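Engineer: Got a sequence here, can you model it:
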Amino acid sequence: MNKSEILKQIIEQRRSIFPKDYTGIEISQEIIDEILYSATLAPNHKRTKPWRFKIFKGEEKAKLAAEMQEIYKSTQPGHLFLEKKYNDIAFKINKADVVVSIVVNFSGMVPEWEEIAAVSMAVQNMYLSCTANNIGCYWSSPKIVDYLKESLTIEENQKCLGLFYMGNLE
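Structural biologist: Alright, predicted model coming up:
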């Protein structure tokens, strides 16, 4: 198969695959590094490299799950609180082997939409690298991420665009 056919196949196979379908088998650090490296190859105007990623594994991931559950509980009016949603927050994070925060850093050198577009292209590169490595993944952007500024050490000129969940597939 030539490069064009391989690329077309990877693009056609790219899907959002959710944590319920992950095997629980650890993703090697080499593959995680490859996925994140592919993100850094995304085009970006004036080379601002506006993406900021933070990797959550193990205990840090468990803390993230607990924090997001607490945020959900404290920000939902009682009549809108759903126990299932509360439990799903922890399930998804804990079932994923790796969770990566997706943050855009606004440089002020180019319009904000261009930096958001560059980060989106970086995430697409992550999706394609995951597909090529048989890693399930999806990008989630719950409202809760707006409350994670401290955990993610988000600065004034930054915004979290969501979380990227990854897990091995059979």
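
Engineer: ok, residues contacting the longest helix along the chain?
Structural biologist: Using DSSP state H to define each element, the chain has its longest helix at helix 112-132. Counting contacts by C-beta atoms under 8 Å, 6 or more residues apart in numbering, the residues outside helix 112-132 that touch it are 10-11, 13-15, 34-36, 38-45, 48-51, 100, 102-107, 135-137, 139, 161, 164, 166. Glycine gets a C-beta too; all of them are placed from N, C-alpha and C.

Engineer: pLDDT on that helix, on average?
Structural biologist: Confidence for helix 112-132, expressed as mean pLDDT, is 98.

Engineer: Tell me the helices and strands packed up against the one helix or strand Ser74 maps to.
Structural biologist: Element membership for Ser74 (DSSP states H and E) is helix 58-75. The contact analysis (3 or more C-beta pairs under 8 Å, 6 or more residues apart in numbering; DSSP states H and E) places helix 58-75 against helix 83-95, strand 98-105.

Engineer: And the shortest one, what does it pack against?
Structural biologist: Yep, that's strand 98-105 we're talking about. strand 51-56, helix 58-75, helix 112-132, strand 158-168.

Engineer: In its sheet, which strands sit next to the first one, and in what direction?
Structural biologist: Under the criterion DSSP bridges, strand 51-56 sits next to strand 98-105 (antiparallel) in its sheet.

Engineer: and the partner strand, how far from the chain's centre?
Structural biologist: With C-alpha atoms, centre = their mean, to the nearest Å as the basis, the distance from the averaged C-alpha position of strand 98-105 to the chain average is 5 Å.

Engineer: Report the buried residues of it.
Structural biologist: Of the residues in strand 98-105, those buried under the neighbour-count criterion (16 or more other C-beta atoms under 10 Å) are Val98, Val99, Val100, Ser101, Ile102, Val103, Val104, Asn105.

Engineer: now stretch 52-71
Structural biologist: Of the residues in stretch 52-71, those scored as buried under the neighbour-count criterion (16+ other C-beta under 10 Å) are 52-57, 61, 64-65, 67-69, 71.

Engineer: Ala96: how many residues sit nearby?
Structural biologist: Number of residues near Ala96 (other C-beta atoms under 10 Å) recorded here: 26.
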